[in-house]
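# Okay, sequence plus prediction incoming.
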Amino acid sequence: MRIKLEMMGCNKCGGDMPVLRFAKYGYKSCVNCSSVQRVGGVAIANHKTGNEIQIMPMEDAERMYMLSQRQGYGVMKGMKHN
């Protein structure tokens with residue numbers, strides 16, 4: 001079942017954006033015109049049962065993810081991913 005979103009015009013470019021973006025979050029511009037920086041999360045393992053997620057800029061999160069995938073990096077050494 002597809003739901004058709006009600007659209008409105010972006011204040012900056014005039015393009016379409018969902019009304020829900022304005023009604024729920026108060027944004028007056030579309031995603032492409034947004035000045036808010038994208039964020040990402042990186043898992044931090046403090047204990048086997050008590051982990052956290054560190055929120056940071058997307059570029060830093062992607063870099064940390066790539067570094068964690070290298071062989072020989074911390075607990076990842078010797079792990080096999082299926």
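It's in. Residues are numbered from 1 along each chain as shown.

# can you pull the contacts of the residue nearest the centre of the chain?
By CA atoms, centre = their mean, the mean C-alpha position of the chain lies nearest to Gly40, the distance being 4.3 Å. The neighbours of Gly40, taking CB atoms under 8 Å, 6 or more residues apart in numbering as the test, are 55-58, 60-62. The C-beta positions use only the backbone N, C-alpha and C, and glycine is treated the same way.

# Those residues, buried ones only, as a PyMOL selection?
Provided next is the PyMOL selection string for whichever of the contacts of Gly40 are buried by 16 or more other CB atoms under 10 Å:
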select buried, resi 61
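
# From the contacts of Gly40, pick the one nearest Arg2.
Met58 (29.3 Å; CB to CB).

# so is Met64 in a helix, a strand, or just coil?
Under the three-state scheme (DSSP: H, G, I helix; E, B strand; the rest coil), Met64 adopts helix.

# mind listing what the spatially closest residue to Pro18 that is not a sequence neighbour touches?
Sequence neighbours aside, Leu5 is the residue nearest to Pro18 in space, at 4.6 Å (criterion: CB to CB, 6 or more residues apart in numbering). With contacts defined as CB under 8 Å, 6+ apart, Leu5 is in contact with 18-20.

# follow-up on the earlier one: what pairs with the residue nearest to the centre of the chain across the strands?
Met56 (DSSP bridges).

# Let's see the pLDDT reported for it.
In this model, Gly40 is scored at 86, pLDDT.

# mind listing which of the contacts of Leu5 are in strands?
Pro18 (DSSP state E).

# Of the contacts of Leu5 - the most surrounded one?
Neighbour counts for those (other CB atoms under 10 Å) peak at Pro18, which has 15 neighbours.

# I figured that one hits Met7, correct?
Yes. Shown here, Pro18 and Met7 form a contact pair, counting by CB atoms under 8 Å, at 6.2 Å.
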